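1. below is the sequence, then the predicted model.
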Amino acid sequence: MKNIDPAKLDLIRMAAERTSGKSGRELAPVMLALITSANKQGIRFSPDEMTLILEILKKGKSKEEQVQIDRTVKMTSSIFKKHQK
C-alpha cells in the first residue's frame, strides 16, 4: 500500500466505502464506476493492485459472496477487454 499512487489509493478507498455492506452482485456497478473513473483520469491498475482491491472488497464477506465477487470481476474484465479493442 505504501508504494501505490495516492490517486489510486483515493479510488480504492472510495470503492471500499461504496461497497461496505453490499453483496457480491451489488459490487459490479461499483467496480465499473471505479475502473471508469480511473480510466478517465488516465489511471491504470496493475494486476497486483487489482488483486489488492479485490482482497479489500472480499474482506468480511461469506465464501459464497467471495465467489460471486470473483465471478463479477471476471465478467467485468471481459466487458472492458471488449471495449478496449
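-> Received the coordinates, thanks.
2. roughly how far apart are the closest residue to Arg25 other than its chain neighbours and Lys8?
-> Closest residue to Arg25 apart from its sequence neighbours, by CB to CB, 6 or more residues apart in numbering: Gln68 at 6.1 Å. Placement of C-beta: from N, CA and C, glycine included. Using CB to CB, to the nearest Å, we find Gln68 at a distance of 25 Å from Lys8.
3. gap between Ile56 and Arg18?
-> According to CB to CB, Ile56 stands 12 Å off from Arg18.
4. ditto for Ile69
-> Distance from Ile69 to Arg18, counting by CB to CB: 14 Å.
5. residue contacts, the residue sitting nearest the centre point of the chain?
-> With distances taken as CA atoms, centre = their mean, Met31 lies nearest the centre of the chain, 4.4 Å away. Neighbouring residues of Met31 by CB atoms under 8 Å, 6 or more residues apart in numbering: Ala15, Leu57, Thr72, Val73, Thr76.
6. again with Asp5
-> Here Asp5 is in contact with Ile43 (criterion: CB under 8 Å, 6+ apart).
7. gap between it and Val73?
-> From Asp5 to Val73 the distance is 21 Å (CB to CB).
8. and Ser62, by the same measure?
-> Applying CB to CB, the value for Ser62 to Val73 is 17 Å.
9. and the helix or strand where Asn39 lies, which residues are buried?
-> Assigned by DSSP states H and E, Asn39 falls within helix 27-40. By neighbour count with 16 or more other CB atoms under 10 Å, helix 27-40 contains the buried residues Leu27, Ala28, Val30, Met31, Leu34, Ile35, Ala38.
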